[in-house]
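In: Structural data only, the sequence is not supplied:
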């Protein structure tokens, strides 16, 4: 029977201006529903797992629309609850060439997810019924209600021998003044509970306040990640380095640190169609490799290829299957498939 | 030189599902920007006046989009200020046949308009420079910041011999528990300041707590409106009665009470394409008739026809000119115009 | 072998605002290519005839687009010539309910068709190769170049024993001041050449200056059409009376006058989706009935039903086949066809 | 815990021309996935049940698209299998006014569902795990593979004390020559197994070859349905009578025959936006009433209202919840909901 | 008078997901009608020839839509017959960057074209009336009905001194097991009849089973094509080599073998917008050069440029004229044309 | 108080085929309203100035649509007049890769702007109320009415100590035969009045008939521009050199000649999304730098960056603010902005 993976996270409505117009030029928007947890869990269903989202949706047509959309993404609605009236959302204006894409968030602090009380979820039961649960640093940045929920849930997962995945996903703008200082204790709490952590050297330096004498980021990574793994007893840490080139192509190199060893993927260079969600594609690849017992090198190659391919599909949520990712790892720059 | 009319009110983003799908079925939205004040002022520019909006917009791409849209509607940006990050918005799913349209509001209490402090507006200057200012009861329902602003601004207008238009626009769901009781003192304050008031007998009964022995709404109207006019010293009161028929056609009859006399329009019956904003079309018609010195009967006929025609155009904001409304008053059920 | 019908007429580009927005609200247009001659000839190809258009198109991408579109409508390009740079076009804003549709013409006097010299067409050859040629009164209104062409072509058709169809299609706004007086001699010239004429009593009264003591339009028709037939020696005259009802449904009744006898269709009442081109659908029905040797009553019933059905299809050009029209004549208000 | 309802049926791709153009005019299609079983099961999930589809989908991007769409409709993918390469589909051109809608089926005999061998489904297991299973007469018309599967599955459901719902849904064009004679034995087999049957007097007369001396369809129904119930030992039979009016409105009256008694709904008259799937909405209403233990009259009222409301929503699959249907039963012709 | 070119081939419906979404993400499709023969013949009409398609279309709205579309492409309907109910079609999901485009065929074996009996076409008459006829290897892969038709028609063309063009267009997946062995005899039959053949060294090696000691494909081509020309007495053979680069640009080099001599075009490198139909653009260029009596070098340059430009236009069917192709051969990388 | 800038120029309707289809393939158009003056003035409003257009619009729905669109672009309608019936427009088919974009103009000589008599504008009043007025060489090419108006207006501006900006914008196709000779006197007249001129060495050589012994265009520029400045007493001259590369990227280098000195920007290389209006973006940057008193180097860098960024936004009219342009000058190739 296929393993069960759940995520605890907010569902966001993505409102995208089609084409390359600005919000002040256009008059239509494409909408979809996503979120770090949504993306990871949906991707895992493409890889053959059962996917669940633990979240609160508003009890109105928006909540119904979000639930339908999660169904389309292959995610079970069993752990969704209805509470409150608002869904967080953001507007996306796509850039092209030298002009970057632009994201404008609308108010999410009052969203159903960020105001739903702990009692509304049966964390204990969910923890018993699932094998892996994914948490995201963005939730930590919201408010005490959200932070309290995340702590309780992660603890319940550990108590039931589940696997805790934690994606640091640090966003300074969400924490306000003295952001690093505010964030550190919450991050540390989660790191101590986590089995698989997504991060890189910047999180170690800024959020965790660690120091290094290295100046090159690759060297910083090799210096600091082992220290993080040791300090917080984290079995698996993984992440990527992204480079943006003058011709607007991007490069990604993934790393996986495990059993005192680094594995690095090839550096993949590619053109970008839709950049959002690439990190979640990488995360899903790491989880997949770990759950399937793939070698570290194969895992990080798979995850980095999944990350690259996400840039070629529309929407925040990865949509390709493991078969397609393996296929892409073998053939490069192929012709039309008929 | 043409007269200047301003409105003090929130700009809302309207996010409409195209066609007749539900939010849970579709994946695109049409958007526009509107609001009671926006609608009234834009309509007045179609009638040859200079239109201004006194409002706060977020300092981000959404604010820029709203400002551009107001320009498209013919509204001057001179009294717009930038403050905060959020714009109120609502989702609209269009009904058809026996299925009614459905509006879902998103959080608007934290919007730029509803959190902008009084000091950000130069009410005194604006009151000096404009001839008429329009206020709306929806603003009263928001919070103390908004209520404070509206009181100060209306007072400034009166102090400068401007005309205060007040549309009661009472929405029970916005006031929470004990809504009528909460609302009454704020409404009374505005009624005492107003020169032209939009309301009908329901407002008198529910919000102002007046009583009548009549049971027919037409009789209630004739009983109560003169008392309201007298109690609050209101020179002009106007409003409509809407009837919805079994075949989904609607009927509108407008009334205008002025100098101790009622004038009633014909009862117009028509099919409905887009119902939102019809009240604002009626309001604009009343203001236009008053400013142009039209007879009471002609004013209420014009306003009711404008209200009817609004049901045939897309979007909250009326888009037809006075010429087109007069034309429709004369010819009914006409063929294509080439 | 199927008979050949040609039309001499202008190709117009129709630029339609989708839905019910005004030009000042929308930002997209649907476009197609049509014209009275285009509509009639395309319809005849649906009825099994070979259809040709004799016209001039600009020698640029617009001309190419028009030619492709005519091909889509089943019209042969054999008699199309390339000349000049401009294509006439018009903008269409669709009304709904009490608001009528609105057509705005752009400059067509400088169009390729209206400036193409006679020498560019080989009227003699075309007249030899075709059985029926359709002419339209709108062309008469354009300028001397167009009027000269139409006279020469119609004469050539008669000289070659072809059938001349003439649709009066009188549009007062196109003729400027003293319109009727200006138009009359050109109309008379064509009427003398025509075998089948589309008109009603209004054309007789206004354009031809005939008088009647009747006041009811049905009586006027019965009084005047026989006189027209006699004066200009016209074998077949046909036309319709349209009534527009308060609920925006329309009624059509067709008539056919032939061999000193009137035949009238039933009065058909129906809802309207796209009104333009209904007259051309009627015309095609008359031509079809005449060419197929149907009875007068069946011909006028077919033509009026074709006219009614045109109101249910999109675009100026009728798109239903004779089979579908006969089907509709037999079954009314039918359910979905699977 | 909520009850489980499954359907055994084909997933069809619906390819609809947007608006009112014909296939020969347009160049885009809207697509969705539906089917009688899909519609019924999805509706039941809106009423709080767990819904499953037992079907075969092609193992290619079309199959993936269908599966995603079923997820969007709230249907579990647990009983879906992948087999073959083709998905049945149909093209829909929407009529308007006097012009009926038109459905063109593409080849479905070679579809995955209609060629999937019995062994691919674990009918025994599914029958054990579900409470109700829905079957449709359209499947009977396909081929021996499909007929064999339906018989085995229905038998397994009965063996496991499940409820068998059978919608006769007789389509003469699918059975070819001597259609009634061919169909009868297969229909009888299912009727003997069924607990709830959807049919009316036409099925009794044509498919089952029963005779009646009544000429009025209402009388025929009252004469024949009790005989059917008796002959095949069917506890519950239900269905509708539809009338199409001259103004293109439709009327529906539902009936429910149970425990030797007829219950009839009011005759509801309404305008039609999208007619397909109305029968499935009615079916779902009957199942819902039966499972919830509602009175016969309330059940048939609910089902008929659900059928009526289906005509106001887009797509084959009903999308309104039980709450919305009850709401509509109480209020008629209501204004916009905010 | 312009020469007449016909093609014998299937009309396919192309159903394309707009933008870069997958079928499982989107809900609209763009459709058009194409096919190798359609593409070649339509292109020839852009070059001034008369184009005909010899094919069978279903007798339903799909057939009507296909016929209209062919008219839009400039193709005469004179040799089209109506037979059967189904039209072959395929779904296209566009790739971007490292993700390739994906084509999913629906069942075409039961299509009108692939089941239409020989007797339905008057091959003898068509062969008499046309100068050139194009055949395609895809038709050979279908079934005996199709293979029989193609053989008869090609023989009739030769008997009437027409030019037979044969595009090998070998697709292994269409032939099933032992594909090369099955295909060879049918290919050989056509090669013996053909005057102009489109192929390259792969066809010689795989389909015709020829051997070469060369390993480089350019050398293989130079070794094998002269042998093919000799063995099957083919006056003109032409084809291309395509290279796909890491940055997703493609290169094309065309060759033409005639009178014992190779001519090669420059290797053109370019970005790809829509790759399908590029081979047909090349074929049309070769036919055009041959018919116009252009030099071999000019012919292959023209054809390769036409192939390159096809990658920049939307749809399977080339849409540029000879004028535009010559223009592109002279100027490279030009600015906007006004 | 912000400075006022006006432009005297035609409003054109841009009718763009969406995506990359040709006019002969598509059936929808996106429309907007632009023009050199529109673009410059709208851009200046993004930089904080008050923008006005002095122009004539038709008195019909097209004129109303244009006025609304100008409002959306931030342009005041105070100096717009209504006259005539026609609006100039052009069709745009977007190229991709090696295929260039294509512009097809429709008849503009009869447009409202090009036929509006001088008396309709109050040039004297406008000249008094504005600080800067922009003129464009395209207007000079139209007809005597337009040329007369431009001369009177420019003279009035100089008489009132305003700044005259003149963009040579020479288009040979608009002048017909002997174009340079015809144009020269009109250009010279404007050059003598201008304070800021946009041109490069080609204008000097072709329009003004100046000679140089240099062969390299950079050297020609350095040789000729000082002579032009001297001969016509022009304080500021600016312009760009554009290079189009094989991979379809473009390069721009701007220059500014002032006080006997050249300043050159870096050569910027970039991919192109929408090329039209880039020159107007550059012009606006020069005006902005001059009005703000920026250094010559900073001005030309700002203007060239503004020109480059225009290629990344949709539509003729630049839409980015000064803040965004300065941001782009500092950071290159940045990631998504959240």
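Out: Structure's in. What do you need? What you see is a predicted model; the values in this text were computed from it and never measured.
In: And the helices in the stretch 101-250 of chain A, which stretches?
Out: For the stretch 101-250 of chain A, the helices defined by DSSP state H, counting those that start in this stretch cover A:112-115, A:123-129, A:137-140, A:144-159, A:172-175, A:179-193, A:201-202, A:217-232.
In: Please, where are all the strands along the stretch 1-150 of chain A?
Out: A:4-8, A:12-16, A:28-34, A:50-57, A:75-76, A:80-82, A:89-93, A:102-105, A:132-136 (DSSP state E, counting those that start in this stretch).
In: For residue C:108, find the nearest of the ones you listed.
Out: strand A:28-34 (32.7 Å; C-beta to C-beta). From N, CA and C alone the C-beta is placed, and that goes for glycine too.
In: Which strands or helices does the closest one pack on?
Out: Packing partners of strand A:28-34 (3 or more C-beta pairs under 8 Å, 6 or more residues apart in numbering or on different chains; DSSP states H and E): strand A:12-16, helix A:61-72, strand B:28-34.
In: tell me which strands and helices the longest one is in contact with?
Out: The contact analysis (3+ C-beta pairs under 8 Å, 6+ apart) places helix A:61-72 against strand A:28-34, strand A:50-57, strand A:80-82, strand B:89-93, strand B:102-105, helix D:61-72.
In: now it: mean pLDDT?
Out: When pLDDT is averaged over helix A:61-72, the result is 98.
In: Show me the contact partners of it.
Out: Outside helix A:61-72, the residues within contact range by C-beta atoms under 8 Å, 6 or more residues apart in numbering or on different chains are A:11, A:13, A:32-33, A:38, A:42, A:53, A:57, A:77, A:80, A:82, A:87, A:112, B:22-25, B:91, B:93, B:102, B:104, B:106, D:68-69, D:71-75.
In: Who are the contact partners of the residue nearest to residue A:209 when sequence neighbours are not counted?
Out: Spatial nearest neighbour of residue A:209, excluding adjacent residues (C-beta to C-beta, 6 or more residues apart in numbering or on different chains): residue A:184 at 6.5 Å. For residue A:184, the contact set (C-beta under 8 Å, 6+ apart) comprises A:207-209.
In: now residue A:184: how far from residue A:214?
Out: According to C-beta to C-beta, to the nearest Å, residue A:184 and residue A:214 sit 21 Å apart.
In: Over to residue A:208?
Out: 16 Å.
In: So for the two, which residue has more residues nearby?
Out: residue A:208 (20 against 13; other C-beta atoms under 10 Å in any protein chain shown).
In: On the pLDDT front, check the more buried one for me.
Out: In this model, residue A:208 is scored at 97, pLDDT.
In: right, and it touches residue A:187 too?
Out: Yes. The pair residue A:208 and residue A:187 passes the contact test of C-beta atoms under 8 Å, sitting 6.9 Å apart.
In: what's the closest non-adjacent residue to residue A:56?
Out: Nearest non-adjacent residue to residue A:56, counting by C-beta to C-beta, 6+ apart: residue A:116, 3.7 Å away.
In: And for the one you found, the neighbour number?
Out: By other C-beta under 10 Å, neighbour count at residue A:116 equals 20.
In: which ones are touching it?
Out: Counting by C-beta under 8 Å, 6+ apart, residue A:116 has contacts A:56, A:81, A:83-84, A:145, A:149.
In: So it versus residue A:149, what's the distance?
Out: 7 Å.
In: For the contacts of helix A:61-72, which ChimeraX command selects only the ones that are buried?
Out: In ChimeraX syntax, the buried subset of those is picked out as below (16 or more other C-beta atoms under 10 Å in any protein chain shown):
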select /A:11,13,32,33,38,42,53,57,77,80,87,112 /B:22,23,24,25,91,93,102,104,106 /D:68,69,71,72,73,74,75
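In: Give the full set of residues in contact with the residue of chain A found nearest chain C.
Out: Distances between chain A and chain C by C-beta to the nearest C-beta are smallest at residue A:27, namely 6.3 Å. Residue A:27 is in contact with B:30-32, C:27, counting by C-beta under 8 Å, 6+ apart.
In: so how many other residues sit close to residue A:177?
Out: Counted with other C-beta under 10 Å, residue A:177 comes out at 6.
In: quick one: contacts for it?
Out: No contacts exist for residue A:177 under C-beta under 8 Å, 6+ apart.
In: Serialize the helices and strands packed on strand A:28-34 to CSV and add fields for distance to residue D:177.
Out: Formatted as CSV, the helices and strands packed on strand A:28-34 follow (distance: least, C-beta to C-beta, whole Å):
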stretch, distance to residue D:177
strand A:12-16, 54
helix A:61-72, 42
strand B:28-34, 47
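In: Among these, which comes closest to residue F:221?
Out: With C-beta to C-beta as the measure, strand A:12-16 is the member of the helices and strands packed on strand A:28-34 nearest residue F:221 (43.6 Å).
In: now check that closest one, is it near chain D?
Out: No. Against chain D, strand A:12-16 shows no contacts by C-beta under 8 Å from any C-beta of the partner chain, the least distance being 15.6 Å.
In: outside of that strand, which residues touch it?
Out: A:29-35, A:62, A:66, A:87-94, A:108, A:276, A:315-316, B:15, B:29.
In: Give me the mean pLDDT for stretch A:24-36.
Out: 97.
In: ok so, going back, return the member of the contacts of residue A:27 nearest to chain F.
Out: Nearest to chain F among the contacts of residue A:27, with distances taken as C-beta to the nearest C-beta, is residue C:27, at 6.0 Å.
In: Got phi/psi on that closest one?
Out: phi -140, psi 10 (degrees, to the nearest 10).
In: Residue E:269: which of the contacts of residue A:27 is nearest?
Out: residue C:27 (37.0 Å).
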